[in-house]
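Participant: Please work out how this folds:
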Amino acid sequence: GRCLCQKDVTGPYCDIPLHSCAPNPCENNGICVHEMSSQSYKCLCTYGYSGVNCSENLNKSFCSSNPCMNNGTCLQSPTSADGICRCEQGFSGKYCNDIVICGEEQCQYPEQVCLADTCVNVTGELYCLLHECQHGGKCDRIKRQCLCEKGFTGIYCELNTMFCDQTNNICQNNGTCLITDNRCICNHFFTGKYCEIQILSY
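Facilitator: Numbering: from 1, shown residues only. Sure thing, here's the model as predicted:
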């Protein structure tokens, strides 16, 4: 003979509970545990996931979904799930989805950046992601500033203080170094940053 089972049991002898874990509702390799008292289930989630069905990713990084709009670049923190969008000129906001009203130079304090048209403080780590120091300078997370190599200065170490060194004229082909602008004034037959490119005349 064959047993006709009630709706909550199965098997040849009706001794196997038919529960809500078939098929497994738990995502991301979660383990389904049938709760006999409530005829329901509970998911035991693997590390990094949460929620009723283990569908919420707790370790999801800011940049994993590529949230930056309008050609913005996503900068992921190397030590946390935090991140920030570096926006193209003309855009701002957490996701670069706002047209710029304030600019970085309009924020009152150097540790602030313009996000969503508001000057907001950013952590030292994110500040350094946003402010790339030039010419070998290193970003100090605590002071939130670029520490420049010898011979360079400026917010981003972009200015060469030794550009017009009087002992060694950097301008070639009799070019004149303009100290106030840190640039070379070339004679009629040369061009380029250092007057290194000869202009061919026919």
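Participant: Is C63 in a helix, a strand, or coil?
Facilitator: Three-state call for C63 (DSSP: H, G, I helix; E, B strand; the rest coil): helix.
Participant: so how far is Y156 from it?
Facilitator: 23 Å (C-beta to C-beta, to the nearest Å). Where C-beta positions appear, they are placed from N, C-alpha and C, glycine not excepted.
Participant: what's the answer for K94, then?
Facilitator: In terms of C-beta to C-beta, K94 sits 23 Å off from Y156.
Participant: dump the residue contacts of the residue most central in space within the chain.
Facilitator: Compute the mean C-alpha point of the chain, and by C-alpha atoms, centre = their mean the closest residue is L75, 1.4 Å away. Residues near L75 by C-beta atoms under 8 Å, 6 or more residues apart in numbering: C63, G83, I84, C85, R86, L126, L129, L130.
Participant: what pLDDT does it get?
Facilitator: With respect to pLDDT, L75 has a value of 86.
Participant: E158 is in contact with Q134, correct?
Facilitator: Yes. The pair Q134 / E158 is scored as a contact, 5.0 Å apart, by C-beta atoms under 8 Å.
Participant: shared neighbours, the two?
Facilitator: Joint contacts of Q134 and E158 (C-beta under 8 Å, 6+ apart) are F152.
Participant: residue boundaries of the helices in this protein?
Facilitator: In the chain, the helices defined using DSSP state H lie at 124-130.
Participant: any low-confidence regions in it?
Facilitator: 7-11, 15-19, 36-39, 59, 79-80, 99-121, 124, 165-167, 180, 201-202 (pLDDT under 70).
Participant: Domains in it, by residue range?
Facilitator: 9-57, 62-130, 162-202 (automatic domain parsing).
Participant: do you know which of those domains lies nearest G151?
Facilitator: domain 162-202 (4.2 Å; C-beta to C-beta).
Participant: now the closest one, how far from the centre of its chain.
Facilitator: 39 Å (C-alpha atoms, centre = their mean, to the nearest Å).
Participant: cool, stretch 90-98 as well?
Facilitator: 14 Å.
Participant: List the buried residues for it?
Facilitator: Buried residues in stretch 90-98, counted by 16 or more other C-beta atoms under 10 Å: F91, S92, G93, K94, Y95, C96, N97, D98.
Participant: who's in contact with L178?
Facilitator: C164, C184, I185 are the contacts of L178 under C-beta under 8 Å, 6+ apart.
Participant: Include neighbour count when you put those residues into a markdown table, please.
Facilitator: As requested, the contacts of L178 are exported to a markdown table (neighbours: other C-beta atoms under 10 Å):
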| residue | neighbour count |
| --- | --- |
| C164 | 19 |
| C184 | 23 |
| I185 | 11 |
